[in-house]
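1. Next comes the sequence, and after it the predicted model I'd like to discuss.
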Amino acid sequence: MAAMGALLKFGALLLAAVAACVAWEDGDVWDYDGHKLKDSDFLALWPLPQKVQSSAVSFQLSASRFQFTHAEGSSAGSDCSILQNAFRRYFDYIFGFTKKDRDQRRRNAAGSEVLELQVAITSPDAECDGFPSLTSDESYELSVDQPSAVLKAPKVWGALRGLETFSQLVYEDAYDVIAMTNVLNFSVFPDFPRFAHRGVLLDSSRHYLPLKVILANLEAMAMNKYNVFHWHISDDQSFPYVSRMFPDLSQKGSYHPYTHVYTPADVKMVIEFARMRGIRVIAEFDTPGHTQSWGFGQKDLLTPCYTGSSPSGTYGPVNPILNTTYDFMAGFFKEISTVFPDAYVHLGGDEVDFSCWKSNPDIQKFMDQQGFGKDYSKLESFYIQRLLDIVSSTDKGYMVWQEVFDNGVKLKMDTLIHVWKGNEAQYQAEMARVTGAGYRTLLSTPWYLNRISYGQDWRDAYKADPCNFTGTDAQKKLVIGGEACLWGEYVDASNLTPRLWPRASAVAERLWSDQGVRDISDAYVRLVQHRCRMVERGIPAEPLFTGYCRHEYSGV
Amino acid sequence: MSSRCNLRFLIPGLALLLGGVPSVLAVWPQPQQIRNSAERYSLSARAFLFKHADVSAVRSGCDVLDQAFTRYFTLIFPESGGGGTGGAHNRYFWTEADPFTVEVNVAEGPCDGYPAEGSIENYKLTVSPGQAVLTSVTVWGALRGLESLSQLVEQDDYGAYYINKTEIEDFPRFQFRGLLLDTSRHYLPLQAILKTLDAMAYSKLNVFHWHIVDDPSFPYQSRKYPDLSKKGAYHPFTHIYTQTDVRRVIEHARLRGIRVLAEFDSPGHTQSWGNGQPSLLTPCYRGDVPSGTYGPVNPILDSTYVFMANLLKEVTSVFPDSYIHLGGDEVDFSCWKSNPDIKAFMKKMGFGSDFTKLESFYMQNIVNISTMLNRSSVVWQDVFDYHEIIPKDTVLEIWKGLPEEYQKELSRITKAGHRVLLSAPWYINHISYGQDWRNSYTVQPQNFSGTEEQKKLVIGGEVCMWGEYVDATNLSPRLWPRACAAAERLWSDEVQTSSVDQAFPRLTDFRCRLLRRGIQAEPLYVGHCKNEYQGI
């Protein structure tokens, strides 16, 4: 909060300084609420860093002179492809609208110039060739001065976050359209995320999402300092993942075996594209429910449902009583563990419908043998238990939806429990229970962004806090973050991006910024600008309310 | 698979390809009468021709049709890129399709006019071996028929095009089928408007209601009053519609048989006008002193009416349609109440403290101006609710309330003999989770208590996409295919299209067709399209 005060004060000072150069008398820019927009309003950091200090000094940047450089002594150099690619990306973001260097006229008008941003990776291993993980260090420090600005980070992951912040400090001068000077103000801050797991879930089963859409959303995620792409890749409706070992799964289970699938090359591309942005890719292969599409390409995997004493021809969840099921799962998850480098895989485990199991005489017999009585959640646990053992043997950790915990399945202590159900009181109680049992957890319930309503529903998303539950400090520490979920029933390439952004940005700030950053009217002012910035960068992020962006979306 | 392949080879002309009728044989909106048969004819871009019938009153040189032919050729054969070389498929399979001719016979000219109130959009389409015959009274009807024809063309699993033997006799249920865009809350780049017009034509909507200005911004660049946009637009150069832009919208619409109904809403919703037109708005008072804020248009000054007459004169010279929308909704009286000059005027006029009388007085004057300019006025229902005397040819647009409320309003307004447009159930800027198009679909615009004569006064309706939460980033997927539900309600026979569940597969199919045509239409539910949207 103190930090914001400083920002606002700076804004006023800058306005005073700039007033002298207003050449175009009718050129005031105002928003709908009657606020005259100031230069500083274009300086909207999102998510808000842990600490911001700024002074009244502003600097110019010139597209023809500005450079990103590796600082002397940095453990990353020009062979660090993550940084090299990031430099190009952020150069484009910063100078996107001023490629032609037209700032000569204003060169000395607004003070001195920043000629370079030196990037220093301070730990011996920069992790240039690694993958981001749950424990990656994303902290960074940024100081802006002329002629050199300096970005220091222990690892490349922090440097990526710092580059994003640096790019958000640059703005176009609102008053002098001709010069389009880029001005940068002076800031120093050590910044780091509040939560280690900040995710977005996309569902590529209810609707197939072309690769381009996934990549564009990874771009948008990086702009919001998200670091986990939760890929809910398969479900009842379709199985678009092309498995090397079980090609029939997508051949027969996708919407279309050639046009609506993700080939190994596609998956690799997503993972690498994400890595370049410090984003983990956690694949979810949800079982034993949500698996209708698996059945087409894998005979006998699903439970045959019965009407009376004969099979009805329909199928239910994965058949948990056959050895072949577990052989298949072992083979399949072995492949998954090599394809997806992340240390975690999401195993689903939600919403298992017991009616088909109940109808099947073989299952009933098995229930009797195992002494499960009529408690089908025991059967579900039996399945999950064996699946967890299989996945553990591939050296992966796992995430599961909360039902798995609720049903009392024995879980390894490093299991991540994903809370998604209930109203506020219910999910808070669940968070307390899960952490009370010593498990780490992440929250999604208040962030089911596929649920839409008229008006500014980002406000509700913004207000929710994963640590708002009754529990000890030790319990709160077990909360590793949360995920914004965009389930796909009503979403495909045609509407995904504007539906997700900037609504997911609200969640991003909750997960990155300090717990005390809660002023929603301040957030509104910054988020309006942040969404325009995303639009300028080619992301069709929808408006929060009446108003405009200087550069409207042009991809119609 | 292989046997069908052989069959195609054996019968190159594909005059009669046996095989399943596609799951959905759909034209959206549903024609009044359509007879399909399983008999189908192959089409090839290389042997497909539009031509004017010898007896047609319209010949080549008719830009509405010439351009429609080009457009629909590309829509029918998207892979041809308009070059007429046929799909990639044809290069690999030797097929020699029989030539197919679409003969268009229009009974009456002209071609260079504008679609208007009362334009006859009826058409008849017969698809038989080797040809389709399309007859209509006007070119506008021919456009509707071409649209239906294009929707009859399907592609088989091999990418080959075919059309089924079909007879259609079709006409719209309502003559006014509109769509409102709001370019004031958010500026919509020209491209977004033109795209919307394309999709309107695909859905047979025929009026673009351009809510061009409002409180937040004034993007219309006036010839006579350039300060209105210079000072009232979000940005005086990038967030405006120049005269050229407006002409382009009107022409793009005309070529698709779409009228452009401009709305200059007053006396409320005019905050942005005040920036460029000093003394137009009422100064509000706090106690005895002006507070520095402004209210609705100042109705007591002669200068107001001079300005409005000049502006509307310009507007009517720019927008050719015989209707003009004058707004008149949601006037907030608090500022008028605070102003001593207004109070004095009220007293002088004997209005007492009834500010609706003042509003009436203003609207009366504005409607008179529009009458003098030879225009029929369209106004929001508020104008009817507050005043007794309005010219008979004024069209009222209903935008408020739940069904039972708007049904009562329909009764009242038609009883008073006014024509009426229904929008209340079609405010599709209001979104909710799930398939809300179903609510739009089940609307019954003529279901209210009234005589047959009264029912006839319902001339149509409008889908409204107000702009508070909508700009170029999300406009298209929010509009389409949700607006298609109202489009069918306004075009098709209500009895034939009473089942929303039967509409679902047809609309699902139509939505994929929109996608293929480059309209960013969102999904109705889980599923897929052969050609997914390729942007982001």
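-> Sure, I can see it.

2. Tell me where the stretch 1-150 of chain A has helices.
-> Remark: helices assigned in the stretch 1-150 of chain A by DSSP state H, counting those that start in this stretch are A:2-19, A:81-95.

3. and these, which one's lowest on average pLDDT?
-> Mean pLDDT is lowest for helix A:2-19 out of those, coming in at a mean of 28.

4. A:F545 contacts A:Y454, doesn't it?
-> No - counting by C-beta atoms under 8 Å, A:F545 does not reach A:Y454; the two are 11.8 Å apart. For the C-beta atoms, the positions are set from N, CA and C on the backbone; glycine is no exception.

5. what residues do those two have in common as contacts?
-> B:Y469 (C-beta atoms under 8 Å, 6 or more residues apart in numbering or on different chains).

6. Tell me which of the two has more neighbours.
-> Comparing A:F545 with A:Y454 by other C-beta atoms under 10 Å in any protein chain shown, the one with more neighbours is A:F545, at 16 against 12.

7. show me what contacts the more buried one?
-> With C-beta under 8 Å, 6+ apart, A:F545 has these contacts: A:32, A:456, A:528, B:468-469.

8. Please apply the same query to B:S499.
-> Counting by C-beta under 8 Å, 6+ apart, there are no residues that B:S499 touches.

9. Same question for A:L83.
-> Contacts of A:L83 (C-beta under 8 Å, 6+ apart): A:70, A:76, A:119, A:128, A:156, A:159.

10. how close does it sit to chain B?
-> For A:L83, the distance to chain B (C-beta to the nearest C-beta, to the nearest Å) stands at 26 Å.

11. got any ranges where the chain has weak pLDDT?
-> Unless you meant another one, I'm taking chain A. Across chain A, the ranges flagged by pLDDT under 70 are A:1-43, A:55-56, A:97-111, A:173-186.

12. wrong one, I was asking about chain B
-> B:1-25, B:80-97, B:388.

13. Need the three-state assignment for B:G352.
-> Taking DSSP: H, G, I helix; E, B strand; the rest coil as the rule, one finds B:G352 in the coil state.

14. these two touch, right, it and B:M346?
-> Yes - the pair B:G352 and B:M346 passes the contact test of C-beta under 8 Å, sitting 7.1 Å apart.

15. The two: which has the busier surroundings?
-> Legend: neighbour count by other C-beta under 10 Å for B:G352 and B:M346, higher for B:M346 (21 against 9).

16. Could you confirm the more buried one falls within a strand?
-> No - counting by three-state DSSP, one finds B:M346 to be helix, located in no strand.

17. what's around the residue lying closest to it once chain neighbours are set aside, how many residues?
-> Once flanking residues are discounted, B:M346 sits nearest to B:L358: 6.2 Å by C-beta to C-beta, 6 or more residues apart in numbering or on different chains. Neighbour count for B:L358, taken as other C-beta under 10 Å: 24.

18. mind checking how far B:L358 is from B:V367?
-> Distance, B:L358 to B:V367, using C-beta to C-beta, to the nearest Å: 15 Å.

19. before we move on, back to that, so the residue nearest to B:M346, which state does it fall into?
-> State at B:L358, reduced to three classes by three-state DSSP: helix.

20. Which residues are in contact with it?
-> Counted by C-beta under 8 Å, 6+ apart, B:L358 has contacts B:299, B:336, B:342, B:345-346, B:349, B:351.

21. so which pair among these is furthest apart in space?
-> Maximum pairwise distance among these (C-beta to C-beta): 12.7 Å, between B:W336 and B:M349.

22. if you count what's nearby, which of those two comes out ahead?
-> For B:W336 versus B:M349, the count of surrounding residues by other C-beta under 10 Å is larger for B:W336: 24 against 12.

23. Quick check: B:A486 is in a helix.
-> Yes - the assignment for B:A486 by three-state DSSP puts it in a helix.

24. Hmm, B:W426 and it touching each other?
-> Yes - at 4.8 Å, B:A486 counts as touching B:W426 under the criterion of C-beta under 8 Å.

25. Return every residue with contacts to both of those two.
-> In contact with both B:A486 and B:W426: B:440, B:443, B:461, B:463, using C-beta under 8 Å, 6+ apart.

26. Which secondary structure element is home to the third one?
-> Put plainly, it is B:G461. Element membership for B:G461 (DSSP states H and E) is strand B:458-465.

27. quick one: is that strand near chain A?
-> No - using C-beta under 8 Å from any C-beta of the partner chain, strand B:458-465 stays clear of chain A, with a minimum separation of 12.5 Å.

28. What residues of that strand count as buried?
-> Within strand B:458-465, the residues scored as buried using 16 or more other C-beta atoms under 10 Å in any protein chain shown are B:458-465.

29. ok, and what's touching the helix or strand following that strand?
-> Going down the chain from strand B:458-465, the next helix or strand is helix B:475-479, by DSSP H and E. With contact meaning C-beta under 8 Å, 6+ apart, helix B:475-479 is reached by A:494-495, A:498-499, A:556, B:179, B:181, B:188, B:192, B:195-196, B:199, B:428-429, B:431, B:463, B:465, B:470, B:519-522.

30. so how far is helix B:475-479 off the chain centroid?
-> The gap between the average C-alpha position of helix B:475-479 and the chain average comes to 14 Å, counting by C-alpha atoms, centre = their mean, to the nearest Å.

31. Check which residues of that helix are buried.
-> For helix B:475-479, by 16+ other C-beta under 10 Å, it's B:475-479.

32. Just give me the closest of the residues you listed to chain A.
-> Lowest distance from chain A to those (C-beta to the nearest C-beta) belongs to B:P477, with 3.6 Å.

33. Spit out the contact partners of the residue lying closest to the closest one once chain neighbours are set aside.
-> Once flanking residues are discounted, B:P477 sits nearest to A:N495: 3.6 Å by C-beta to C-beta, 6+ apart. Applying C-beta under 8 Å, 6+ apart to A:N495 gives the contacts B:474, B:477-478, B:520, B:522-523.

34. can you tell me how far A:N495 sits from B:L524?
-> Relative to B:L524, and taking C-beta to C-beta, A:N495 is found at 11 Å.

35. Give me the spatial nearest neighbour of B:A503, chain neighbours excluded.
-> Spatial nearest neighbour of B:A503, excluding adjacent residues (C-beta to C-beta, 6+ apart): B:Y441 at 6.0 Å.

36. To what extent is the one you found buried, counted in neighbours?
-> So B:Y441, with other C-beta under 10 Å, has 22 neighbours.

37. one step back: now do the strand holding B:G461: which elements does it pack against?
-> strand B:176-182, strand B:207-211, strand B:419-422, helix B:475-479, helix B:482-491 (3 or more C-beta pairs under 8 Å, 6 or more residues apart in numbering or on different chains; DSSP states H and E).

38. Kindly recompute the last result at 10 Å.
-> For strand B:458-465, the packing partners by 3 or more C-beta pairs under 10 Å, 6 or more residues apart in numbering or on different chains; DSSP states H and E come out as strand B:176-182, strand B:207-211, strand B:395-398, helix B:403-415, strand B:419-422, helix B:475-479, helix B:482-491.

39. what angle sits between it and helix B:403-415?
-> With axes from the mean of the first three to the mean of the last three C-alpha atoms, to 10 degrees defining the directions, strand B:458-465 sits at 140 degrees from helix B:403-415.

40. Thanks again, I'm all set now.
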